[in-house]
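Student: got a predicted model here, sequence first, then my questions.
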Amino acid sequence: METLWFCIVAVMLTAYVLLDGFDLGVGIIHLIAARTNGERSALISSIGPVWDGNEVWLLATGGTLYFAFPGLYASGFSGFYLALMIVLWLLMLRGIAVEFRGHIRNRMWSSFWDVVFSGASLLLAVFYGTALGNVVRGVPLDKDGYFFVPLWTTFRTGAEPGILDWYTVTVGVAALLVLTLHGALWVNLKTSGDLQQKARRIASAVYWAASAAVFAITVCSFLVQPQLEKRFTAHPLLWAFPLTAALGLIVLRLSLSADLQFWAFIGSGTFIAGLLCSAAFGLFPLLLPASNDASLSLTAFNSAAPNYGLAVGLKWWIPGFVLAISYSIFVYRHFRGKVVIPHPEPEPQLATAGD
Amino acid sequence: MDHALLLNRLQFAFTITFHYIFPQLTMGLALLLVILKTMALRTGNPYYDQCARFWAKIFAINFVVGVVTGIPMEFQFGTNWARFSKAAGGVIGQTLAMEGMFSFFLESTFLGLFLFGEKKLGPKLHWFSAVAVWLGSWLSGFFIIATDAWMQHPVAMTRGPKGEILLASLSGLLSNTWIFWQYLHNMIATVVTASFVMAAVGSYYVLAAKAEEFGKTFVRTGVIAGVTASLLLAFPTGDGQSVMVARHQPATLAAMEGLFHSSDRAPLAIMGQPDTEKQRLDNPLEVPRALGLLTTRNWSGKVRGLDAFPREDWPDNIPLLYFSYHIMVGLGTIMLAVMAVSALELWRKTLFRRRALLWILMLSFPFPYIATTFGWMTAEIGRQPWLIYGVMRTAQGTSPHVSGGNSLFTLLGFMGMYTILGILFLFLIWREIDHGPARKELAAPALFHY
């Protein structure tokens, strides 16, 4: 039962990263790819109707984690207190930037929100990567399973690490590159003309950097976290996940050259899903490894809710998941196709009283 | 009280209070939008669609701020209340996760369609998307009330060998007796908020001779919905809720009413200031025996005062609890009076000539917000000193390693962030109201070219 819920949380988290990942990526390249106000509006329209739904996956994953693994939820969220709060603030800034930007058509207003949107997206991508790095590296847990790590200490991994150290920052940079690529491929899929060409060029340029960064963090991860080597040696089938990621990367490259926009995006999605599953199942049953004493690690078994809760949870989770997936499919179908880049238009006349 | 505990409580109180300013309007407004869309569908008159379009814009701005300020709520259980989360996550995580799966997806999907798909969907499907948004938001309210109800009145649980809290029955959790009145009371309060806001904006248009036709429709809709909801708010839902408190949290009821000594002739205090040192109500203005009648349904029913309970089980801020409750009830009474007089004048077809009354309607829109805030303060301060009533004390629920300094840092951060958010919100809302419902639609907002 615990293993099943571990898979469920992993699937939901992957769904969140794949979906919110591309709208974060759009944010990262927002200022570079789109130069005119019209292009920037088009970029925001490409995620406008879906970003909120994408973020719901984060809330739903958080809720599921809360009831299935309350021990991990309590320990992780209080231990990464400062980083989590910063992430929440960035999510808020980004959300209002996307939604408020279009309310007033004024050059200063939109360029202000463009910068907020892009900056918050970029920092979020780095923070998410850093978070993943922290989970792989582990934290110093006490005997009750709690910890607290400051934002940084000496930038070294070890018994008293900070949230930011050389390893987690590297993972953060890799996440930034991977999501930039993912976002550029979304823009490549959803727009046309100059904007699409620029997105495609960005994707090609970032492709090698992202691949190299991911290769680097893979090597580093095996050095930092011995559990990975143990798991992959004991269960060679796990190599299917990194191979899936590599396959995604190849599909991406070939589709990009052949201008198959949809398949390039799917390739990138497969790549990300493969990476996340490699990390999750490579650590399993560890959820949060202890860096001080391996026996204190939080596992799927010592931090899960009791069996009744997990069993009864399935009864509503399955229909809930089917509904959620069908809404998502419905929305993406409804808003499918390319977004239109608005032509430069005169400032609208201000409405006068009573018109 | 130790420093970090106080800061954790302040941060939760501040973030939840600010957050709830927005959903209390959107949940009520969702119902009023369904009413406007139904009128449009039944009469075939596009005028009602135009009314709905205006309120949809107000709705959308509130919704965005509600969403972004809502994200921290779920996560704060883990960040600041880790020991509570670890102990109770298996129970309240169920309802919080269900909220995500069943209402947030529904709401976000259909809101997008409702706001941007009117042309593409056609009238019936557009009406349906309004209904779906309403259902989604009221379902979300249900799961949150179910979560709070469990903390107020923990049911469907057993204790494990090490004292851990185990969920015994999901259906028991979802049919907690505490949910019924609290849910109805709360959801009707959202309709009161939305009605007052709609009537206030309408009164402004009439008084300022700006979009008068729309203004009158808004006042009419707001007053009819408002008088109905204000009545239901007091009776039976408010009354039902207080009987529930009397039955399951008698110490809380005594503190809310400022009743220090048990009595079979307990008076109902209308005004007065509780003095916890001398254990009495200063300058009381009381209705003799009324409290006994209201809570026990018997003229000489015995009501237990605070003296009947050990001091460590008293709510830890009795004056604030007392005033919160009295402000809620007092404003509720004023709101009912304003709506009743307006409804009478509306029925006599003289409302739009009574400029003074329109002024009152326009200026009283903050009342439901204040009353709702103090109502929730009554519920949550009344739950103290318990985090889970009778099971876990608030002081036992904090995160072990989050220091006061870290809590203060984030509390100040939230305050700064929410100040900016509040200013932006007021600015954008004022702009929409100023533009008014009659504005010619611009081609499409720059944001949405589909």
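Tutor: Great, that's in hand.
Student: list the contacts of residue B:220.
Tutor: Residues near residue B:220 by C-beta atoms under 8 Å, 6 or more residues apart in numbering or on different chains: B:202, B:346. Where you see a C-beta, it was placed from the backbone N, CA and C, and this is true even at glycine.
Student: same check on the one 5 residues further on?
Tutor: For residue B:225, the set of contacting residues under the criterion of C-beta under 8 Å, 6+ apart consists of B:31, B:32, B:35, B:191, B:194, B:195, B:198.
Student: which single one of those residues is nearest to chain A?
Tutor: Distance to chain A, by C-beta to the nearest C-beta, is smallest for residue B:198 among the contacts of residue B:225, at 19.7 Å.
Student: now do the strands in the stretch 201-350 of chain A.
Tutor: A:286-288, A:298-299 (DSSP state E, counting those that start in this stretch).
Student: what's the most buried one of those strands?
Tutor: Compared across these, strand A:286-288 shows the largest average neighbour count, a mean of 24 (mean count of other C-beta atoms under 10 Å in any protein chain shown).
Student: for the contacts of residue B:225, give me TSV that also has pLDDT.
Tutor: What follows is the contacts of residue B:225, written out as TSV (pLDDT from 0 to 100):
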residue	pLDDT
B:31	97
B:32	97
B:35	96
B:191	98
B:194	98
B:195	97
B:198	97
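Student: make TSV from these and add neighbour count and distance to residue B:247 to it.
Tutor: TSV is the format used below for the contacts of residue B:225 (neighbours: other C-beta atoms under 10 Å in any protein chain shown; distance: C-beta to C-beta, whole Å):
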residue	neighbour count	distance to residue B:247
B:31	21	30
B:32	23	34
B:35	16	35
B:191	24	26
B:194	30	31
B:195	29	31
B:198	28	36
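Student: report all helices and strands that the host helix or strand of residue A:130 contacts.
Tutor: Secondary structure from DSSP states H and E places residue A:130 in helix A:107-137. Under the contact definition 3 or more C-beta pairs under 8 Å, 6 or more residues apart in numbering or on different chains; DSSP states H and E, helix A:107-137 sits against helix A:2-33, helix A:37-47, helix A:81-101, helix A:166-190, helix A:193-224, helix A:261-283.
Student: swap in 10 Å and give it another go.
Tutor: If you count contacts as 3 or more C-beta pairs under 10 Å, 6 or more residues apart in numbering or on different chains; DSSP states H and E, helix A:107-137 packs onto helix A:2-33, helix A:37-47, helix A:70-79, helix A:81-101, helix A:166-190, helix A:193-224, helix A:261-283, strand A:286-288.
Student: quick revisit: which among the strands of the stretch 201-350 of chain A is found nearest to chain B?
Tutor: strand A:298-299 (10.8 Å).
Student: so who does residue B:394 touch?
Tutor: B:1, B:5, B:8-9, B:81, B:84, B:316, B:383-388 (C-beta atoms under 10 Å, 6 or more residues apart in numbering or on different chains).
Student: turn those into TSV, columns for secondary structure.
Tutor: Below are the contacts of residue B:394 laid out as TSV (DSSP: H, G, I helix; E, B strand; the rest coil):
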residue	secondary structure
B:1	coil
B:5	helix
B:8	helix
B:9	helix
B:81	coil
B:84	helix
B:316	coil
B:383	helix
B:384	coil
B:385	coil
B:386	strand
B:387	strand
B:388	strand
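Student: pick out the lowest-pLDDT one from the residues you listed.
Tutor: Within the contacts of residue B:394, residue B:1 has the lowest pLDDT, namely 48.
Student: give the buried residues for stretch B:333-349.
Tutor: Across stretch B:333-349, burial judged by 16 or more other C-beta atoms under 10 Å in any protein chain shown covers B:335, B:336, B:338, B:339, B:341, B:342, B:343, B:345, B:346.
Student: could you do stretch B:74-86 as well?
Tutor: Of the residues in stretch B:74-86, B:74-86 count as buried by neighbour count, 16+ other C-beta under 10 Å.
Student: ok, and the closest non-adjacent residue to residue B:74?
Tutor: Excluding the flanking residues, the one nearest residue B:74 by C-beta to C-beta, 6 or more residues apart in numbering or on different chains is residue A:62, at 5.4 Å.
Student: just to revisit the earlier point, now which of the contacts of residue B:394 would you call buried?
Tutor: Among the contacts of residue B:394, those classed as buried by 16+ other C-beta under 10 Å are B:5, B:8, B:9, B:81, B:84, B:383, B:384, B:385, B:386, B:387, B:388.
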